[in-house]
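Enquirer: Here you go, sequence then predicted model.
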Amino acid sequence: MIEMTNITKFYDNFRALNNINLKVEKGEIIGLLGPNGAGKTTAMRILTCFIPATSGSASVAGYDVFEDSLEVRRRLGYLPETPPLYPEMTVGSYLNFIGELRELSAGKRRERINYVAERIGLTECLTRVIGTLSKGYRQRVGLAQALLHNPEVLILDEPTVGLDPSQIIEIRGLVKDLARDHTIILSTHILTEVSMTCGRVVIINEGEIVAVDSVANLERAVSGKPAWNICIRPAAGKDWRQLVEMHTGAGISDLVEMPETLHFKLNLEKAEDFDDLFRNLTGAGHVLREITPVKATLEDVFLKLTSAEERKEAA
Amino acid sequence: MKIFAIMKKELQSFFYSPVAYIVFASFLMIVGYLFWVILISSRMASLEPMLYNAAFILLLASPVLTMRLVSEEKKSRTIELLLTSPISPAEIITGKFLACFTLYLVLILLTVQYPLVLSAYSTEFDMGPVYSGYIGLILLGAAFISMGLFASTLTENQIIAAMVSFGGLVLFWIFGWAKHAFDNAFGEILGNLSIFDRYAEFLRGIVDSGNVIFFVVFTLTWLFLATRVLESDRWR
Ligand SMILES: Nc1ncnc2c1ncn2[C@@H]1O[C@H](COP(=O)(O)OP(=O)(O)OP(=O)(O)O)[C@@H](O)[C@H]1O
Ligand SMILES: [Mg+2]
């Protein structure tokens, strides 16, 4: 549905995107992740025909963004980074204007405006002047604008920025609903959002794709050695430490001593070692109060991938 | 039609902004004052001096009407919406031009009371130059607006857009002076570009097809250039 092949973008001499290759299938939700200035907005602007790539090609719904830009634009809904609003218009007349640009008939416009306004929680605001709306409501109007003509492909640049928590949850639900017959690319800095809505994540750093995979796979790939957070109540007069350290590669870190208990992070070479360790400790009379496996979160994945890149750069 | 969607939206925003009202009010005030002063001092039933001065005031006022047309879209980033919608730069420019031109026609329409007054109270009042004068005024407005619209595509700063179109219009206004400065082909060419000289002919009651074509071509040229600038913004 969406294809980017060897896309490179220069702003004068600054390289914002370097050789981006990406393929998105129909019905997928892709999350674009990356630190500030990574090139997410730039990539989206290329796909929406707002700016051209310096080299490489991109297509949406089978149409080239450069050759058949009009056909691409017909099939796209786009929420730019700054919601493109006319402050002097009312929400209703603004959405009506968008409907006219999007070639919807008068009846269809009315129907879609009512539907979209209801889904996004704007029904009460239709007669209000956009300039008087709060930031979150402006963001909703921007989102309504992108969805109005029920486009095949949705490109949303930070769609939930400025929304309140309950609205964020609703928008996530909406995005998931839409995904059934739409293809969606969204960018965000909220990592939980990606793990909750997106099938695949694309992590971009300094204009290059550093990873493309499902959230689960990425977390697995990054987590490395198994680790646990442990709280232990040692039996009096017995050494628990020695029992731990007899396993090769075992490591104890972040040790905190409380009056009765000890907290630490345990690293092992193999996950199976833990079974032995557990038996030995309890056998010796030590009490294990808490055992929590440490999992890599998307935050870890993100930080690791984006900072690894920086280290490479420095070397 | 998408052109009319743009046109309607532009007309709406003209009426939401105080700028259009201020331009209307000051133009009508000045023209009313001129009509009165000229009539009292000359004691002649002629509209020519008033139309002549009105054109100069429009030259000052039209950059104020056109300056925001595209600049504001660039500043508030709504241009990103327009350029990613299924509408071409030519349609955007045409819609905006038609909106501003409609506004201009309304403004001109509000001055027809003066020739009506003259024809009602004067026996030897000749309506011929009035008709041709108004044709000239309308063509002149199209020229002013197209150039202002072009200037507005160049920058996101409205003040700069206004200054560029004002400067450009004054330049074309005074090109006629070159005829006296250079007595050669160069002066001739510059003189032919003078919108003032051509407008003055309309005021004398002459509707010369060459002049009409000049204004139409002048307008289309600036609209075409404005479209190109908008298109080229994409290629940056
Ligand atoms: N018009 C422009 N001219 C010059 N450089 C630009 C332009 N637009 C973006 N850049 C640069 O390109 C790089 C990528 O910008 P981009 O807006 O795509 O980042 P982003 O990933 O969207 O960041 P953010 O998370 O802050 O939105 C940045 O370093 C930015 O400074
Ligand atoms: Mg961005």
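Expert: In hand now; what should we look at? Residues are numbered from 1 along each chain as shown, chains lettered A, B, ... in the order given. Ligands and ions are numbered 1, 2, ... in the order given.
Enquirer: Can you get me a residue count around the closest residue to ligand 2 within the stretch 101-250 of chain A?
Expert: Distances between the stretch 101-250 of chain A and ligand 2 by Cβ to the ion are smallest at A:Asp157, namely 5.8 Å. Every residue, glycine included, has its C-beta placed from N, CA and C. By other Cβ atoms under 10 Å in any protein chain shown, 25 other residues sit near A:Asp157.
Enquirer: A:Gly207 now?
Expert: When counting by other Cβ under 10 Å, one arrives at 22 neighbours for A:Gly207.
Enquirer: and it, what does it touch?
Expert: Contacts for A:Gly207 were tallied using Cβ atoms under 8 Å, 6 or more residues apart in numbering or on different chains; they are A:Lys9, A:Arg15, A:Ala16, A:Leu17, A:Asn18, A:Ile20, A:Ala38, A:Gly39, A:Thr42.
Enquirer: What's the separation between it and chain B?
Expert: Applying Cβ to the nearest Cβ, to the nearest Å, the value for A:Gly207 to chain B is 18 Å.
Enquirer: Using PDB, write out every CA atom in the helix or strand of chain B with the lowest mean pLDDT.
Expert: Sorting the helices and strands of chain B by mean pLDDT, DSSP states H and E puts helix B:178-181 at the bottom, at a mean of 72. Output of helix B:178-181 as PDB, limited to C-alpha atoms (Å, rounded to 0.1, in the frame of the first residue of the first chain):
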ATOM      1  CA  ALA B 178      10.400  56.900 -19.400                       C
ATOM      2  CA  LYS B 179       8.800  58.000 -22.600                       C
ATOM      3  CA  HIS B 180      10.000  61.500 -21.800                       C
ATOM      4  CA  ALA B 181      13.300  60.500 -20.400                       C
END
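Enquirer: Poorly predicted segments of chain B, please.
Expert: B:234-236 (pLDDT under 70).
Enquirer: tell me the helices in it, going along the chain?
Expert: Listed in chain order, the helices of chain B (DSSP state H) span B:2-16, B:18-42, B:48-66, B:68-75, B:79-83, B:89-109, B:113-121, B:128-154, B:158-174, B:178-181, B:185-192, B:195-203, B:209-233.
Enquirer: same thing with the stretch 101-250 of chain A?
Expert: Counting by DSSP state H, counting those that start in this stretch, the stretch 101-250 of chain A has helices at residues A:106-120, A:135-147, A:165-178, A:191-197, A:215-223, A:240-245.
Enquirer: circling back to that earlier point, need the helices of chain B in TSV with mean neighbour count, can you?
Expert: Output for the helices of chain B, formatted as TSV (neighbours: other Cβ atoms under 10 Å in any protein chain shown):
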stretch	mean neighbour count
helix B:2-16	18
helix B:18-42	14
helix B:48-66	20
helix B:68-75	22
helix B:79-83	22
helix B:89-109	20
helix B:113-121	14
helix B:128-154	23
helix B:158-174	18
helix B:178-181	14
helix B:185-192	14
helix B:195-203	21
helix B:209-233	17
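Enquirer: of all the ones you listed, which lies closest to A:Leu298?
Expert: With Cβ to Cβ, the closest approach to A:Leu298 among these belongs to helix B:79-83: 29.3 Å.
Enquirer: circling back: what's the least confident helix or strand of chain B packed up against?
Expert: helix B:185-192 (3 or more Cβ pairs under 8 Å, 6 or more residues apart in numbering or on different chains; DSSP states H and E).
Enquirer: which residues are in contact with the helix it packs on?
Expert: With Cβ under 8 Å, 6+ apart as the criterion, helix B:185-192 contacts B:Phe175, B:Gly176, B:Ala178, B:Lys179, B:His180, B:Ala181, B:Phe182, B:Asp197, B:Phe214.
Enquirer: Now do the contacts for A:Arg75.
Expert: A:Arg75 makes contacts with A:Val60, A:Ala61, A:Tyr63, A:Pro151, A:Glu152, A:Val153, as judged by Cβ under 8 Å, 6+ apart.
Enquirer: so where's chain A uncertain?
Expert: A:222-224, A:296, A:308-315.
Enquirer: Give the helix, strand or coil label for A:Leu266.
Expert: strand (DSSP: H, G, I helix; E, B strand; the rest coil).
Enquirer: so how far is stretch A:113-124 off the chain centroid?
Expert: What separates the centre of stretch A:113-124 from the centre of its chain is 25 Å, taken as Cα atoms, centre = their mean, to the nearest Å.
Enquirer: who touches that stretch?
Expert: Contacts to stretch A:113-124, defined as Cβ under 8 Å, 6+ apart, come from residues A:91-92, A:95-96, A:99, A:125-126, A:137, A:140-141, A:143-144, A:147-148, A:167, A:170-171, A:174.
Enquirer: related to what we said a few turns ago, right, and the helices of the stretch 101-250 of chain A - which one's nearest A:Thr54?
Expert: Of all those, helix A:135-147 sits nearest to A:Thr54, with 26.5 Å by Cβ to Cβ.
Enquirer: buried ones in that closest one?
Expert: The neighbour-count check on helix A:135-147 (16 or more other Cβ atoms under 10 Å in any protein chain shown) flags A:Tyr137, A:Arg138, A:Gln139, A:Arg140, A:Val141, A:Gly142, A:Leu143, A:Ala144, A:Gln145, A:Ala146, A:Leu147 as buried.
Enquirer: Leaving out sequence neighbours, find the closest residue to B:Phe144.
Expert: Closest residue to B:Phe144 apart from its sequence neighbours, by Cβ to Cβ, 6 or more residues apart in numbering or on different chains: B:Ser62 at 4.0 Å.
Enquirer: who touches that neighbour in this structure?
Expert: Contacts of B:Ser62 by Cβ under 8 Å, 6+ apart are B:Tyr104, B:Gly141, B:Phe144, B:Ile145, B:Gly148, B:Ser165, B:Leu169.
Enquirer: Swap in 10 Å and give it another go.
Expert: By Cβ atoms under 10 Å, 6 or more residues apart in numbering or on different chains, the residues touching B:Ser62 are B:23, B:27, B:100, B:104, B:107, B:140-141, B:143-145, B:147-149, B:162, B:165-166, B:169.
Enquirer: what's the answer for B:Phe35, then?
Expert: By Cβ under 10 Å, 6+ apart, the residues touching B:Phe35 are B:Leu47, B:Pro49, B:Met50, B:Asn53, B:Ala54, B:Thr111, B:Gln113, B:Tyr114, B:Pro115, B:Val117, B:Leu118.
Enquirer: Generate a markdown table for these, with distance to A:Leu133 as supplementary columns.
Expert: Shown next, in a markdown table, are the contacts of B:Phe35 (distance: Cβ to Cβ, whole Å):
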| residue | distance to A:Leu133 |
| --- | --- |
| B:Leu47 | 49 |
| B:Pro49 | 51 |
| B:Met50 | 47 |
| B:Asn53 | 45 |
| B:Ala54 | 42 |
| B:Thr111 | 40 |
| B:Gln113 | 43 |
| B:Tyr114 | 45 |
| B:Pro115 | 48 |
| B:Val117 | 48 |
| B:Leu118 | 51 |
